[in-house]
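[1] pasted the sequence and its predicted model underneath.
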Amino acid sequence: MTEKEMNLDRVKMDVANAAAQFTYVELHRRNDLSLFVKVALQTSVGSIYVASIELAGYPTTMPQVRISKPSLDALTPHRYKDGQICFLHPTMWNPGRHDVVFVIARTAKWLNKYEICHREKGKAVGLPCARFRISAGDT
């Protein structure tokens with residue numbers, strides 16, 4: 001299997017495991033046959049977010065996560081220029097250790113930290129938020 005090929009059996013197993021642990025998890029296929037997971041997550045303050053997890057090259061390649069609803073502030077820290085969130089440094093992705101459940105859990109943690117940071121700063125969203133850090137040991 002090359003880096004860009006997807007392990008479909010692993011995708012199905014990991015999505016089934018995620019659906020057993022999270023309330024709303026769906027696997028979707030686009031017209032170009034690419035796969036993504038759509039997940040709804042509720043934060044500790046009750047806000048609901050919808051995230052899309054792109055699975056191109058999974059599990060060898062780390063999935064890309066974007067928050068589709070509601071939209072995030074443009075200057076939100078820990079996001080790439082294309083809008084995907086930085087839930088883990090890409091060099092730390094380990095397909096033998098990490099799976100869709102891990103990605104969803106890290107996304108949920110990212111969203112909770114986003115809300116704390118956003119609330120602390122009010123309208124000054126572009127400023128660094130010292131509490132908005134996700135370390136390698138966080139899961």
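    Noted; the coordinates are in hand.

[2] when you work out contacts or count neighbours from here on, use the C-alpha atoms and nothing else.
    OK.

[3] what are the buried residues along the longest helix seen in the chain?
    Across the chain, the longest stretch assigned as helix under DSSP state H is helix 100-121. The neighbour-count check on helix 100-121 (16 or more other CA atoms under 10 Å) flags 100-101, 103-118 as buried.

[4] CA atoms of the helix or strand of the chain with the lowest mean pLDDT as PDB?
    When each helix and strand of the chain is scored by mean pLDDT, DSSP states H and E, helix 100-121 comes last, with a mean of 88. Provided in PDB are the C-alpha atoms of helix 100-121 (Å, rounded to 0.1, in the frame of the first residue of the first chain):
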ATOM      1  CA  VAL A 100     -10.400   7.900  14.100                       C
ATOM      2  CA  VAL A 101     -11.400   7.800  17.800                       C
ATOM      3  CA  PHE A 102      -8.200   9.500  18.700                       C
ATOM      4  CA  VAL A 103      -8.800  12.200  16.000                       C
ATOM      5  CA  ILE A 104     -12.300  12.800  17.200                       C
ATOM      6  CA  ALA A 105     -11.200  13.000  20.900                       C
ATOM      7  CA  ARG A 106      -8.500  15.500  20.000                       C
ATOM      8  CA  THR A 107     -10.900  17.500  17.900                       C
ATOM      9  CA  ALA A 108     -13.300  17.600  20.900                       C
ATOM     10  CA  LYS A 109     -10.400  18.800  23.200                       C
ATOM     11  CA  TRP A 110      -9.400  21.400  20.500                       C
ATOM     12  CA  LEU A 111     -13.000  22.800  20.400                       C
ATOM     13  CA  ASN A 112     -13.200  23.000  24.200                       C
ATOM     14  CA  LYS A 113      -9.900  24.900  24.300                       C
ATOM     15  CA  TYR A 114     -11.100  27.100  21.500                       C
ATOM     16  CA  GLU A 115     -14.200  28.100  23.500                       C
ATOM     17  CA  ILE A 116     -12.100  28.800  26.600                       C
ATOM     18  CA  CYS A 117      -9.700  31.000  24.700                       C
ATOM     19  CA  HIS A 118     -12.500  32.700  22.800                       C
ATOM     20  CA  ARG A 119     -14.400  33.500  26.000                       C
ATOM     21  CA  GLU A 120     -11.300  34.800  27.800                       C
ATOM     22  CA  LYS A 121     -10.400  37.200  25.000                       C
END
